[in-house]
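A.B. asks: model this:
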Amino acid sequence: MGGTVKKAYDLLESRENAYMLQQFSNPANTQVHFDTTGPEIWEDTMGKVDIFVMGVGSGGTVSRVGRYLKSMNPNVKIYGLEPAESNVLNVGKPGPHAITGNGVGFKPDILDMDILEEVIEASLIQLFNTPSVTSDDAVKMARELALKEGLMVGISSGANTVAALKLAQRPENKGKLIVTIHASFGERYLSSVLFQELRDEALKMEPVSVD
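C.D. replies: The predicted structure follows:
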């Protein structure tokens, strides 16, 4: 992602009348979640939300949803999520992974780390007894949500669901209302690893005559 951002800046400098919204540092990115997403979660849960967990891409959603929920109830716990293969927010190293939109390889300017109880990832297993959330976990969960729940979501939504379930397994969270967001639609992942098995199956199918 760092290379993508650099390329965007190169285009900005080389083209007249160009403008870059820069979602990683634009305060409008976070503000919209304080104004809309946070209140929606609060209202839909009737103020009973205990935990909010969200994957970190730009960090806009988790930062300001977290701020809003804590403004309504300081006891709400906010958790971030990054790919176990690219644990930059836990002082690890960037690396390749399949969770599109998360784990951008650097700390975005708008990400509010102070709001987070924890960023869930593999290196915290021993300290927090938190299993990792890998790309494979995310892909498998996205498929399961489609097959069992009728929710055609993307890989990052699968990762969010895995993180929510792992938080629910902690003894201290028994009976807690945990909220996450499915912000990705599966149709955008038709050419990705998410549907690789279906593509392989289709390629193996023998032609059948309609006569």
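A.B. asks: from Asn173, how far off is the closest residue to Ala138 other than its chain neighbours?
C.D. replies: Leaving aside its chain neighbours, Ala138 sits nearest to Ala159 (3.7 Å; criterion: CB to CB, 6 or more residues apart in numbering). The C-beta positions use only the backbone N, C-alpha and C, and glycine is treated the same way. Separation of Ala159 from Asn173 (CB to CB, to the nearest Å): 18 Å.
A.B. asks: got a pLDDT number for the residue nearest the centre of the chain?
C.D. replies: Nearest to the mean C-alpha position of the chain, by CA atoms, centre = their mean, lies Gly55 at 2.7 Å. Gly55 carries a pLDDT value of 92.
A.B. asks: neighbour count for Ala159 and Asn173, which is higher?
C.D. replies: Ranked by neighbour count (other CB atoms under 10 Å), Ala159 and Asn173 place Ala159 first, with 35 against 16.
A.B. asks: quick check, that one in a helix?
C.D. replies: Yes - secondary structure of Ala159 (DSSP: H, G, I helix; E, B strand; the rest coil): part of a helix.
A.B. asks: okay, it: pLDDT?
C.D. replies: Looking at Ala159, its pLDDT reads 85.
A.B. asks: now do the contacts for it.
C.D. replies: By CB atoms under 8 Å, 6 or more residues apart in numbering, the contact list for Ala159 reads Gly55, Leu81, Pro83, Ile99, Asn102, Val133, Asp137, Ala138, Met141.
A.B. asks: kindly report the same for Leu151.
C.D. replies: Leu145, Ser157, His182.
A.B. asks: and with 7 Å instead?
C.D. replies: Counting by CB atoms under 7 Å, 6 or more residues apart in numbering, Leu151 makes contact with Leu145, His182.
A.B. asks: element containing it, please.
C.D. replies: Leu151 belongs to no helix or strand when elements are defined using DSSP states H and E.
A.B. asks: what number of residues lie near the spatially closest residue to Lys48 that is not a sequence neighbour?
C.D. replies: Nearest in space to Lys48, with sequence neighbours left out and distances taken as CB to CB, 6+ apart, is Leu177 at 5.2 Å. Leu177 is flanked by 14 other residues according to other CB under 10 Å.
A.B. asks: tell me how far Leu177 lies from Gly47.
C.D. replies: 10 Å.
A.B. asks: and what of Tyr19?
C.D. replies: 40 Å.
A.B. asks: which one's more surrounded, these two?
C.D. replies: Neighbour totals were compared for Tyr19 and Gly47, and Gly47 leads with 12 against 7 (other CB under 10 Å).
A.B. asks: does Ile110 touch Ala28 like I think?
C.D. replies: No - taking contacts as CB atoms under 7 Å, Ile110 lies outside contact range of Ala28: 9.6 Å.
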